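In: could you work out the structure for the sequence below:
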Amino acid sequence: MANWCNNTVVFEGKPEAIEQVQQLFKAMAEQEQKEERGQLPDFVEDSNGGYFFNIYKDDDVTGVVQYETRWSPNLEIVQAIAEHYNMDFIQDYEELGCLVYGRATYMDGILTDICLDDEAFEAYSYDEETDTYRFEGETYESDYEILETLLERKLAQL
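Out: Below is the predicted model of the structure:
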């Protein structure tokens, strides 16, 4: 059974391209419901997985898509979509069971993927008795704020 990687992608580009991408994901979500299996765009070769599952698109938010993939993000597939529609994107992803947490940026034809390493995950601890996390002398209810802080620090080093 796969561990599910949560993905949020923000596409940026001309309004007509964003509309096309929104229609693409709407169609894939509908097809996923009918077939009950992951989806790929028709123009992407089915060679190495990267399927989109549980696709969610809020109609009130333009250019943002959420979905799941198996184990890790499908950056190559999202890049192929961006290239097809001549767009850029920022993709946040996480699958904490496999210690995967990062952000990919595709701007002007260059893909940059920054993710946390094992050392980052070892920088904080979980206290079972209090159901809280300890990081740099502070207590947190969730590890997401810690992970976001660590990722922002890593991004600032670029």
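In: which residue ranges make up each domain of the chain?
Out: Domain segmentation of the chain under automatic domain parsing yields 4-115, 117-158.
In: can you pull out the low-pLDDT segments for the chain?
Out: 1 (pLDDT under 70).
In: can you give me the helices in this structure?
Out: Using DSSP state H, the helices found in the chain span residues 15-35, 75-85, 118-121, 144-156.
In: can I get these in TSV with mean neighbour count?
Out: Heads up, the C-betas are built off the backbone N, CA and C, glycines and all. Listed next are these as TSV, based on neighbours: other C-beta atoms under 10 Å:
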stretch	mean neighbour count
helix 15-35	15
helix 75-85	19
helix 118-121	12
helix 144-156	15
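In: give me the nearest residue to Q66, chain neighbours excluded.
Out: Among residues not flanking Q66 along the chain, Y56 sits closest, at 4.5 Å (C-beta to C-beta, 6 or more residues apart in numbering).
In: among the helices of the chain, which is nearest G63?
Out: helix 15-35 (4.7 Å; C-beta to C-beta).
In: from the contact counts, what lies against that closest one?
Out: strand 4-12, strand 53-56, strand 64-70, helix 75-85 (3 or more C-beta pairs under 8 Å, 6 or more residues apart in numbering; DSSP states H and E).
In: distance to E36 added to those, as TSV?
Out: As requested, those are arranged in TSV below (distance: least, C-beta to C-beta, whole Å):
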stretch	distance to E36
strand 4-12	16
strand 53-56	10
strand 64-70	14
helix 75-85	20
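In: stretch 35-51: which residues count as buried?
Out: Buried residues in stretch 35-51, counted by 16 or more other C-beta atoms under 10 Å: 38-41, 44, 50-51.
In: which one of the residues you listed is nearest to Y85?
Out: Distances from Y85 to the buried residues of stretch 35-51, taken by C-beta to C-beta, are shortest for P41, at 10.0 Å.
In: and the gap between the closest one and E138?
Out: Distance, P41 to E138, using C-beta to C-beta, to the nearest Å: 43 Å.
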